[in-house]
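Chemist: Let's see this in three dimensions:
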Amino acid sequence: MMWKAPIATLMGALAFAAPSPAGEGALRVRASEAAAPCLKAALGVSSAFRRGTDVQVGDILDENGADVLVASSVEITRALETGLADPDTDADLASIPWVLAGSAAPAGGVAELAGTDQTVSVPAGPAAYEARRALELVVPGRVREVAGHELRSAPVAIVPQSLGGAGHKVLDGIPPLLVRAAVSMRAGRKEAARSLLRYLTSPNGRRAFGGCVPPP
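Modeler: Next up, the predicted model:
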């Protein structure tokens, strides 16, 4: 999962991957786990990118490199600051709310945990920093950072709604996960990458990208 690796690992994976010659191969889009369902939803309804361009969606830590990066705001900001992403292409895509999940998650939300000793598991890593900080104000001392299968099997956890599915309690007061995109400075298919970003930031693209968030 995206949150199990530090930003330094992400930067290393992108920095040492050699770009493909322009025009060759699929357009390589690297997305964080929370953003990937949204990206696939947007691509699934776009005839232009379904037929006109071969798009390969991979994990953000894929060492084969990237033409386009789609991840949390903090991760895209770091890629921009370190010269791994083109600052002229940086674009906001969506805000994904956090939801309360798990077999012991109270129907009324996090506030119901105040009188218990229940620990709330949260994603480790920089993408969830603001959510973790806000949650500490509600259940101080009972926020535990975990990753991978531990998070998915936790009795009480908060996860991005794109991963939580329908029927989970959206958490008011927890800052949403901001998703942004940018073209990689090492992109081999820069024009195709810019074209994809134009689609994702268009009204149709934004609606499709938001389709990864289930209705309440």
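Chemist: Can you list the strands that the helix or strand where R180 lies pairs with?
Modeler: With secondary structure defined by DSSP states H and E, R180 is part of strand 177-183. When pairs are called by DSSP bridges, strand 177-183 turns out to pair with strand 68-72 (antiparallel), strand 91-96 (antiparallel).
Chemist: nearest to A187, of those strands?
Modeler: Ranking the strands paired with strand 177-183 by their distance to A187 (criterion: CB to CB) puts strand 68-72 first, at 7.2 Å. Placement of C-beta: from N, CA and C, glycine included.
Chemist: Next secondary structure element downstream of that closest one?
Modeler: From strand 68-72, the next helix or strand downstream (DSSP H and E) is helix 73-81.
Chemist: which residues sit against that next one?
Modeler: Around helix 73-81, the neighbours that count as contacts under CB atoms under 8 Å, 6 or more residues apart in numbering are 7, 10-11, 14, 32, 60, 69, 71, 85, 87, 90, 92, 126-127, 129, 178-182, 184.
Chemist: Quick check: D92 touching R180?
Modeler: Yes. With contacts counted by CB atoms under 8 Å, D92 reaches R180, the gap being 5.4 Å.
Chemist: Could you check which of these two has the larger neighbour count?
Modeler: R180 (22 against 13; other CB atoms under 10 Å).
Chemist: measure the more buried one to R189 for me?
Modeler: For R180, the distance to R189 (CB to CB, to the nearest Å) stands at 20 Å.
Chemist: show me where the protein has strands.
Modeler: Shown for the chain, the strands assigned by DSSP state E span residues 27-31, 55-59, 68-72, 91-96, 98-101, 120-123, 143-146, 157-160, 169-170, 177-183.
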